[in-house]
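K.L.:
based on what follows, work out the 3D shape:
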Amino acid sequence: MTKILLIKTGAAGDVVRTTVLLNALQGSVTWVIDSRYQGILPARHPNLHRVVTLDNALTTLQHEIFDHTISLEEDAACALLASRVPTKKLTGISLENKKLTYTPDSAPWYDMSLVSSLGASCANEAKRRNTATFQQLVLSMFNLPFNGEQYCIYRNNHIRPVPKVIGIETRVGARWPNKGWSGYPALITKLQALGYTIKLLEQRDSITEYLDDIASCSFLISGDTLAMHVAIAYHIPSIAIFNCTSAAEIHDYGTLKKVVSPLLHQAFYKTSFSQAVIDSVAPNEVFNIFLQHSGISPLQKA
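P.N.:
Prediction:
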């Protein structure tokens with residue numbers, strides 16, 4: 001069996017979507033991950049041989065030889081690991097002359113990234129024009145088509161969605177403040193008026209507790225965040241609001257409805273906060289999409 005080293009340490013949502021590789025690649029995968037996100041990975045998967053945290057990865061792996069190293073983190077420590085662990089083939093990011101670089105077979109993805117060899121301006125324009133999903137782009141590195149392979153993450157099978165409970169994730173990370181949305185309070189009022197219980201997602205002691213919170217919801221509404229990816233993984237109907245990131249990159253798997261800000265191009269991957277951007281989607285637009293997505297007719301609403 002092909003021995004694969006997969007280096008993808010974070011962020012959490014990116015780890016979730018990268019799990020499609022477990023279902024698409026044939027081989028025995030050793031996954032290197034940030035210890036904070038280790039709980040995201042499935043407890044059992046036929047292709048997941050073991051999970052190694054980044055802290056001790058070099059010590060653990062430097063005396064092994066892999067058939068294929070897949071390095072998917074734009075990070076110096078991860079790139080150094082990819083460069084030092086013996087491998088017959090490398091795909092993705094490595095470190096050369098103290099500089100991050102990437103292999104030609106990974107160019108369709110990394111030409112649009114912060115490490116793009118094309119320069120920031122060309123990378124941003126390529127990102128803006130891109131219509132391929134992350135799944136299509138990452139699988140193209142291995143000359144594979146995307147055939148609907150699912151995310152594969154931890155799940156507590158004892159937890160079932162509770163009817164009429166809607167999970168809402170209002171929080172966003174500091175890097176992309178425009179992923180936020182000012183319409184949540186008004187939307188929550190409308191949903192509660194229909195008899196729904198709102199579960200505001202919050203920080204938990206462990207990542208698995210957070211995933212369990214999402215698993216108990218029958219619907220989820222958020223921005224382009226970890227919660228969105230988890231809802232997709234759990235086949236929970238959901239809505240995601242895209243204010244500043246690429247909606248095209250997200251495959252909806254038939255369960256996600258996307259709401260794209262009319263100011264998306266103005267805010268595209270901008271790290272400076274804009275009140276106009278987070279105000280740009282009307283609560284009624286999201287509410288009406290919820291009614292359609294959940295199968296509620298105007299008569300039922302009334």
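K.L.:
poorly predicted segments of the chain, please.
P.N.:
For the chain, residues meeting the criterion pLDDT under 70 lie at 296-302.
K.L.:
domain ranges for it?
P.N.:
The chain breaks down by automatic domain parsing into domains covering 3-140, 162-301.
K.L.:
between those, which gets nearest to Asn147?
P.N.:
The closest of the domains of the chain to Asn147 is domain 3-140. By Cβ to Cβ, the value is 7.9 Å. For every residue, glycine as well, the C-beta is placed using N, CA and C.
K.L.:
would you reformat the domains of the chain as CSV and include mean neighbour count and distance to Asn156?
P.N.:
Shown next, in CSV, are the domains of the chain (neighbours: other Cβ atoms under 10 Å; distance: least, Cβ to Cβ, whole Å):
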stretch, mean neighbour count, distance to Asn156
domain 3-140, 18, 10
domain 162-301, 18, 5
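K.L.:
who wins for proximity to Arg155 among these?
P.N.:
Nearest of those (Cβ to Cβ): domain 162-301, 6.5 Å.
K.L.:
about what we covered before: I'd like the domains of the chain as a markdown table, with distance to Glu149 appended.
P.N.:
Shown next, in a markdown table, are the domains of the chain (distance: least, Cβ to Cβ, whole Å):
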| stretch | distance to Glu149 |
| --- | --- |
| domain 3-140 | 4 |
| domain 162-301 | 10 |
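K.L.:
quick one, which of the ones you listed gets closest to Tyr151.
P.N.:
Nearest to Tyr151, of the domains of the chain and by Cβ to Cβ, is domain 162-301 at 3.8 Å.
K.L.:
can you give the distance of the closest one from its chain's centre?
P.N.:
14 Å (Cα atoms, centre = their mean, to the nearest Å).
K.L.:
so Glu169 sits against Leu201, correct?
P.N.:
Yes: Glu169 lies in contact with Leu201 (Cβ atoms under 8 Å); the separation is 4.5 Å.
K.L.:
mind listing the helices for this protein?
P.N.:
When secondary structure is read from DSSP state H, the chain shows helices at 12-18, 20-24, 57-61, 76-84, 107-110, 120-129, 134-140, 184-193, 207-215, 226-233, 264-267, 275-278, 283-293, 298-301.
K.L.:
packing partners of the second one?
P.N.:
Contact partners of helix 20-24 among helices and strands, from 3 or more Cβ pairs under 8 Å, 6 or more residues apart in numbering; DSSP states H and E: helix 134-140.
K.L.:
which residues are in contact with Ser272?
P.N.:
Contact analysis of Ser272 by Cβ atoms under 8 Å, 6 or more residues apart in numbering lists Pro177.
K.L.:
pull up the gap between it and Cys244, please.
P.N.:
10 Å (Cβ to Cβ, to the nearest Å).
K.L.:
picking that back up, which neighbours do Glu169 and Leu201 share?
P.N.:
Ser222, Ala227.
K.L.:
format the CA atom coordinates belonging to stretch 238-252 as CSV.
P.N.:
This file holds the C-alpha atoms of stretch 238-252, laid out as CSV (Å, rounded to 0.1, in the frame of the first residue of the first chain):
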residue,chain,number,x,y,z
SER,A,238,-27.3,25.1,6.2
ILE,A,239,-26.9,28.7,5.0
ALA,A,240,-23.6,30.5,4.7
ILE,A,241,-23.0,34.2,4.1
PHE,A,242,-20.1,35.0,1.9
ASN,A,243,-18.9,38.6,2.4
CYS,A,244,-15.3,38.5,1.6
THR,A,245,-14.2,35.0,0.6
SER,A,246,-14.8,32.8,-2.4
ALA,A,247,-18.2,31.1,-2.6
ALA,A,248,-17.1,29.3,-5.7
GLU,A,249,-14.5,27.3,-3.8
ILE,A,250,-17.1,25.7,-1.5
HIS,A,251,-18.9,22.6,-2.8
ASP,A,252,-22.4,22.6,-1.4
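K.L.:
Pro161: which of the helices of the chain is closest?
P.N.:
helix 207-215 (7.1 Å).
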